[in-house]
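A.B. asks: just to be clear, the model below is a prediction. Sequence and coordinates:
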Amino acid sequence: MTSSFLQNAVGYLKGVGPKRAEILKKEFNIETFGDLLTYYPFRYVDRTRFTKISEIRDDQQYVQLRGHFVNIQLIGERKGRRLSAVFADQTGTIEVIWFAGIHWVKDIIIPGAEFILFGKPNLFNGNLNFSHPEIEKVTPESSVKPLIFSPVYNTTEKSKAAGFDSRGMMKLVKTLLATAPKIPETFPDDLRESFKLVPLDTALRDIHFPNSQAALDKATFRLKFEELFFIQMDLIGAKMSRKENVRGFHFNIVGNYFNTLYKECLPFALTEAQKRVLREIRKDVGSGFQMNRLLQGDVGSGKTIVALMTMLMALDNGFQACLMAPTEILAVQHFRSLTALSGKLNIRIELLTGSTKIKKRREIFSGLQDGSVHILVGTHALMEDTVQFSNLGLVVIDEQHRFGVEQRSILWNKNSSVPHVLVMTATPIPRTLAMALYGDLDISVIDELPPGRTPASTAHRFDSDRLRLFGFMRQQIEEGRQIYIVYPLIQESEKMDYKDLMDGYESITRSFPKPQYQISIVHGKMKAEDKDFEMERFRNKQTQIMVATSVIEVGVDIPNASVMIIESAERFGLSQLHQLRGRVGRGASQSFCILMSSKKLSDEAKTRIETMVSSTDGFVIAEVDMKLRGPGDLMGTKQSGIMELKLADLTKDQAVLDLARKAATLVLNEDPHLTLQKNRCLVELMKSKKGHESKWSRIS
Ligand code: ADP
Ligand code: MG
């Protein structure tokens, strides 16, 4: 078959050879013909158009000039050594500089000979210049047919030194396409037609050398669709196979625990959104299938109570449940609030974290084994091998983005059968990302905050406003409110950060002296019991100010705290800022979030701060965050297929993703095991992809 053509080593391509193949592999991860064909251009330029030197501006992306070199000279010594030349046309001159590959360039740029120069103009010390532009000597052959859509490829200094500048890459792809047989189609015809996809062969040729914008658009669509389609096939395939093969525990009783809590213990009425989500969950756990549900909701939307009520469904049916949180503070807090909420129910809830003492551990372990522990709350400690349940029916994972996706499965395997799984996000994640990362889960959304909340009023202040800030804090404290002051903590500069925190703490204690003011401090270097002690003092209103690093970021719930001051706010990410702000505004009174920063801000930091000031909607903030940071970084995860995307961009391609998911659903609904003849091409492709052997091995 011709598909083996794509698997040929790139070294076999005319003009490559083993040495340069090594460079392609190292610099671009290109090993095969197929890799080369999917090394897509990142832009296209009109090579038929030339710019006059007198018309160059520094904000231009790329320009193409025609002229000749004059005044070529080597300047500087050793490391500062560079080659400088002046490029001239009828309208003016411009400096061109090379720092590397000097000898190679020097031999080529013969003074007076006509050259085409292509590159991005820079502004340096008030003058325009080019550094390391592409150059090509004009020969009768080179000017044969310049392309209107000429591809531009990413290259590196090392690749350029081996002749793989953008032009070199273009030649390589051209050579390959000239000898390539028709590239076999990966999609069945009917699917291709219903989604208006051009054939793969056309798409791969057109993405490199389009004749028109329309051809380029069609090729791009087809290739993006394909990338997203196969990720969705995996996710939906996994979901279907789980539904088929994994029997879920049947929670068919709505029993005593659930009803008593609902009727007698709830300190508030559930919101409509909470009720709807509980109905969705109940349907899952009563269906006989294993639940895998993602619960999305903004900070403070009330996910905890939903988690508790879901756990009670498990208990009512004779099962145990566990809840895993990403930090010790949060685990402790969950343990407390679950214990308080379920006070009347006579159930045993235990807490297991890294700092649980051995004796207590033993008690918990035996309680888990004999079934007397109903609910276990904890941190990563829950995943240790020694933690064994007698009858685990439900796993709740809070604030998922701190856990790797693989970690979910460790908890699943704590039982002979797979328990139901409810994953809760800390802050909303954009819909495209949810689909790309959690497409194998069902999704519930709490899109409503409990009534009576007043969104925090958010302001941005500079360090120079500090005196006024202190005045505002005193006034708030006088009104009986409590205040958080949060400092950044970033691993790389940990020492400096602690120093900042301590300096800040000292300055606060000076401005807010005892005995009138009491101040708590919490940070990661403290012992767990000391942290607890300080949190407790703050919770009991014995202290008015809590100075902390971002350890309090996730989930802490102290309704009387109404001011959140974030120091060096420019150093926090958007979702972190939103999380922190979510710590206030939990009561009915007006709350405040104050973002302190220096005056020197990057554009991105400015956007983050402006977004916080202008919106309190977590879903809006999540979208901005994804646009700023890119999807991979947002989840702090590299394991998903979204990292392999070459063309598709989750920040922009929602529409393509929707179609691709629809297509994958159609295919798998019609042919769950991909046994139909027409789908053989899909199977071929999925089998050939790395890491897919196991997942699809059951496909014959
Ligand atoms: P998150 O979704 O951020 O985890 P929590 O579950 O911590 O939010 O809930 C935030 C606060 O809102 C808690 O103090 C909780 O008791 C309260 N709460 C939850 N649901 C309701 C409701 N329906 N009405 C009023 N308050 C509620
Ligand atoms: Mg929470």
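C.D. replies: Happy to help now that I have it. Ligands and ions are numbered 1, 2, ... in the order given.
A.B. asks: please count neighbours and contacts with C-alpha atoms only from this point.
C.D. replies: Noted.
A.B. asks: in contact with residue 297, which residues?
C.D. replies: By Cα atoms under 8 Å, 6 or more residues apart in numbering, residue 297 lies in contact with 303, 424-428, 445-447.
A.B. asks: er, residue 323 I mean
C.D. replies: 375-378, 395-398.
A.B. asks: which residues of the stretch 351-500 of the chain fall in helices?
C.D. replies: For the stretch 351-500 of the chain, the helices defined by DSSP state H, counting those that start in this stretch cover 358-370, 405-412, 431-438, 466-478, 494-511.
A.B. asks: what's the distance between residue 432 and residue 224?
C.D. replies: 14 Å (Cα to Cα, to the nearest Å).
A.B. asks: likewise residue 603?
C.D. replies: Distance from residue 603 to residue 224, by Cα to Cα: 30 Å.
A.B. asks: how about residue 568?
C.D. replies: 39 Å.
A.B. asks: neighbour count winner among those two?
C.D. replies: residue 224 (20 against 17; other Cα atoms under 10 Å).
A.B. asks: alpha carbons of stretch 437-452, in PDB - could you do that?
C.D. replies: What follows is stretch 437-452, C-alpha atoms only, in PDB (Å, rounded to 0.1, in the frame of the first residue of the first chain):
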ATOM      1  CA  LEU A 437      -9.700  17.000  27.400                       C
ATOM      2  CA  TYR A 438     -12.800  15.500  29.000                       C
ATOM      3  CA  GLY A 439     -14.600  14.400  25.900                       C
ATOM      4  CA  ASP A 440     -14.900  10.900  27.500                       C
ATOM      5  CA  LEU A 441     -16.800  12.300  30.400                       C
ATOM      6  CA  ASP A 442     -20.400  13.600  30.700                       C
ATOM      7  CA  ILE A 443     -20.500  17.200  31.700                       C
ATOM      8  CA  SER A 444     -22.800  18.900  34.200                       C
ATOM      9  CA  VAL A 445     -22.700  22.700  34.700                       C
ATOM     10  CA  ILE A 446     -23.800  24.700  37.700                       C
ATOM     11  CA  ASP A 447     -24.500  27.900  35.900                       C
ATOM     12  CA  GLU A 448     -26.000  29.800  38.800                       C
ATOM     13  CA  LEU A 449     -24.700  31.300  42.000                       C
ATOM     14  CA  PRO A 450     -26.600  30.900  45.200                       C
ATOM     15  CA  PRO A 451     -28.900  33.900  45.800                       C
ATOM     16  CA  GLY A 452     -27.900  36.900  47.900                       C
END
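A.B. asks: buried residues in that stretch?
C.D. replies: 437-446, 449-450 (16 or more other Cα atoms under 10 Å).
A.B. asks: and if you look at stretch 16-32?
C.D. replies: Of the residues in stretch 16-32, those buried (16+ other Cα under 10 Å) are 20-24, 28, 30-32.
A.B. asks: residues contacting that stretch, please?
C.D. replies: 6-11, 35-36, 39, 156, 158-159, 162.
A.B. asks: what average pLDDT does it get?
C.D. replies: Mean pLDDT, computed over stretch 16-32, is 93.
A.B. asks: any chance of TSV for the buried residues of stretch 16-32, columns secondary structure and distance to ligand 1?
C.D. replies: As requested, the buried residues of stretch 16-32 are arranged in TSV below (DSSP: H, G, I helix; E, B strand; the rest coil; distance: Cα to the nearest ligand atom, whole Å):
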residue	secondary structure	distance to ligand 1
20	helix	54
21	helix	52
22	helix	51
23	helix	50
24	helix	48
28	helix	43
30	coil	45
31	coil	47
32	strand	48
